[in-house]
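Asks: This is a predicted model, with the sequence first.
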Amino acid sequence: MPSAKRKPRRSTRIADKQDDEGRKPPSRAPRKAQQKKATVAKSRVKHAPRPDIIFPVEVWSMILKYLLALKGRSEIASMTYLSSGIRHEAEAILYNSPTLSRPSQMTRLAETVASCSRRALAIRTLTIYVYQHPDSTRYKEVFLSAFQNMKNLSNLYCLPGKRSWYDVGNKIFGFFRETQPPLRSFRGFVIQLDEVNIEILRGLPDLEEAHVASSDIPVDAHKMSELQFPKLRILETDSVSFRALRASLGLLTHLSITTPLSHATLVDILKSLSNQLISFYGRRELGEYNGRVYLRLPWNRLTKLKYLHIEDYGRQIQRIPNELSGLDFGRAPPAVQTLLWFPAWARQSTGAVSIHAPGDTAELRYRDICCFAARSLQRWSTLQRVLYGWERGTYVEYTLNEHGKGRVRDASKRQTDPNAWINVA
């Protein structure tokens, strides 16, 4: 059987030559140079700085503030160690306004600010929950070590602000005699104007908010009058201290007089105030009930007053029928938006003597105060709401709807907060 014709075998050398023609010619660089270049490239890749943050610091700042408001300090505390790129920003936000609810937290904060000056300088506002019987020696050591590093501390708040605990706030304030931070406001306790605290207040020229009262130990009125508060805007005090400080006060915008005032004293105080006042909280002593607290006083000279809160105190809390007739709205404050009134005859007090007129009932008192609120809202174009005190210290809000009809509901906690007069913008 004839064999199949075989194809001519191609030469291996020719095939290799043709394959080599399609390839790249080899590099002429020496072998050592190629190895060196590869080593350098490898080292650059290995030690290249990784991007620490992928967003600008401003974006991270908004994220951190949102997380702080939503989740609290514990959720963002670890982020100060997460990235060196946002560490300083995270610390500034985290330590801007710390709140200390236990003495152990104050100890830890003192250790933190002592070891890191950057965190100490970030503290602007400090809120402390004080206790009725603290260890004075321990508190003094811890507070002094902390305050000495808080060079930028401007606001000090003590909670809860009950008067039985004000002595603790005064002790804390006494520590400023040795530290002197640039304090601008303190809240939650009232400073007794004794000689020691007067000396401390002299070293706080930038004070914008103060809560002070006369000391149990008489102090020379001349020393009190020497205090200068050119930047003071918010003041809570008694009538005696106000008279002594009146000449040294700046342009007050918020004022609260804690002691009940006679009609003549209240008129005298109103005449001494500037027209920059936007919030006033006063107590009125009623020797004989004379009613019409708002419209018999010269409120109309306070052209920027937005918030007015008056509480009546008195031994006689008789309701007088038809007392709201013939109201003179010409003396009303022209810019008031919120009006609060706690009538004497609506207050239940164990020390008060209630004299009821014939036919006097709770329903008639309720009707009278609603009549006052409705008439006030109709006559004052700027007035938005009237809140009036009722029995057992509660407040009721009276407003008008879009059709001019009255609407009554319980006042919110925000509206009746003791510091509501401070928060008026």
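Replies: Yep, it's here. Numbering: from 1, shown residues only.
Asks: Which residue ranges of the stretch 201-350 of the chain form helices?
Replies: For the stretch 201-350 of the chain, applying DSSP state H, counting those that start in this stretch gives helices covering 221-225, 239-245, 263-272.
Asks: Give me the residues contacting the second one.
Replies: Translated: helix 239-245. Under the contact criterion CB atoms under 8 Å, 6 or more residues apart in numbering, helix 239-245 has outside partners 193, 212-214, 221, 224-225, 227, 229, 235, 237, 257, 259, 261, 265, 269. From N, CA and C alone the C-beta is placed, and that goes for glycine too.
Asks: for the longest one, same thing?
Replies: For helix 263-272, contacts defined as CB under 8 Å, 6+ apart pick out 239, 242, 246, 257, 261, 282, 284, 290, 296-299, 301-302.
Asks: helices or strands next to the helix or strand harbouring M106 in the packing?
Replies: Assessed by DSSP states H and E, M106 sits inside helix 103-115. When contacts are defined as 3 or more CB pairs under 8 Å, 6 or more residues apart in numbering; DSSP states H and E, helix 103-115 sits against helix 117-122, helix 136-147.
Asks: want to throw the helices of the stretch 201-350 of the chain into TSV with distance to P98, mean pLDDT and mean neighbour count?
Replies: Formatted as TSV, the helices of the stretch 201-350 of the chain follow (distance: least, CB to CB, whole Å; pLDDT from 0 to 100; neighbours: other CB atoms under 10 Å):
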stretch	distance to P98	mean pLDDT	mean neighbour count
helix 221-225	33	76	14
helix 239-245	31	89	20
helix 263-272	38	86	15
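Asks: Helices of the stretch 1-150 of the chain, residue ranges please.
Replies: In the stretch 1-150 of the chain, the helices defined using DSSP H, counting those that start in this stretch lie at 12-21, 31-46, 57-71, 73-76, 87-94, 103-115, 117-122, 136-147.
Asks: could you list every residue that touches S412?
Replies: Neighbouring residues of S412 by CB under 8 Å, 6+ apart: E397.
Asks: Name the spans of the protein whose pLDDT lies under the cut-off.
Replies: For the chain, applying pLDDT under 70 flags the ranges 1-54, 80-82, 130-139, 160-169, 217, 287-296, 314-330, 345-361, 391-393.
Asks: at 50 what do you get?
Replies: Filtered on pLDDT under 50, the chain yields the residue ranges 40, 43-51, 133, 161-164, 289, 291, 293, 321, 325-326, 349-354.
Asks: Any of the contacts of helix 263-272 buried? List them.
Replies: 239, 242, 257, 261, 282, 284, 297, 299, 301-302 (16 or more other CB atoms under 10 Å).
Asks: residues touching S225, list them.
Replies: Listed by CB under 8 Å, 6+ apart, the contact set of S225 reads 244-245, 247-248.
Asks: Nearest to L383, out of the residues you listed: which one, please.
Replies: Nearest to L383 among the contacts of S225 is L245, at 31.3 Å by CB to CB.
Asks: What distance do you get for that closest one to L235?
Replies: Distance of L245 to L235, computed by CB to CB, to the nearest Å: 8 Å.
Asks: what residues are shared contacts of those two?
Replies: With CB under 8 Å, 6+ apart, L245 and L235 have common neighbours V212.
Asks: What helices and strands are in contact with the helix or strand harbouring C371?
Replies: With secondary structure defined by DSSP H and E, C371 is part of helix 362-379. Judged by 3+ CB pairs under 8 Å, 6+ apart, helix 362-379 is in contact with strand 385-389, strand 395-400, strand 406-410.
Asks: So which of those is the most surrounded?
Replies: Comparing these by mean neighbour count (mean count of other CB atoms under 10 Å), strand 385-389 comes out on top with a mean of 22.
Asks: relative to strand 395-400, how tilted is it?
Replies: Interaxial angle of strand 385-389 relative to strand 395-400 (axes from the mean of the first three to the mean of the last three CA atoms, to 10 degrees): 150 degrees.
Asks: Using CSV, list the CA coordinates for strand 385-389.
Replies: Once non-C-alpha atoms are left out, strand 385-389 reads as follows in CSV (Å, rounded to 0.1, in the frame of the first residue of the first chain):
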residue,chain,number,x,y,z
ARG,A,385,-49.6,84.0,73.2
VAL,A,386,-50.8,84.6,76.8
LEU,A,387,-49.8,82.2,79.5
TYR,A,388,-51.4,82.5,82.9
GLY,A,389,-50.8,80.7,86.1
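Asks: what's next to that strand, contact-wise?
Replies: 311, 337-343, 346-347, 369, 372-373, 376-377, 395-399, 411, 415-416.
Asks: With distance to P56 and mean neighbour count added, can I get the helices and strands packed on helix 103-115 in a markdown table?
Replies: Shown next, in a markdown table, are those (distance: least, CB to CB, whole Å; neighbours: other CB atoms under 10 Å):
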| stretch | distance to P56 | mean neighbour count |
| --- | --- | --- |
| helix 117-122 | 20 | 17 |
| helix 136-147 | 33 | 16 |
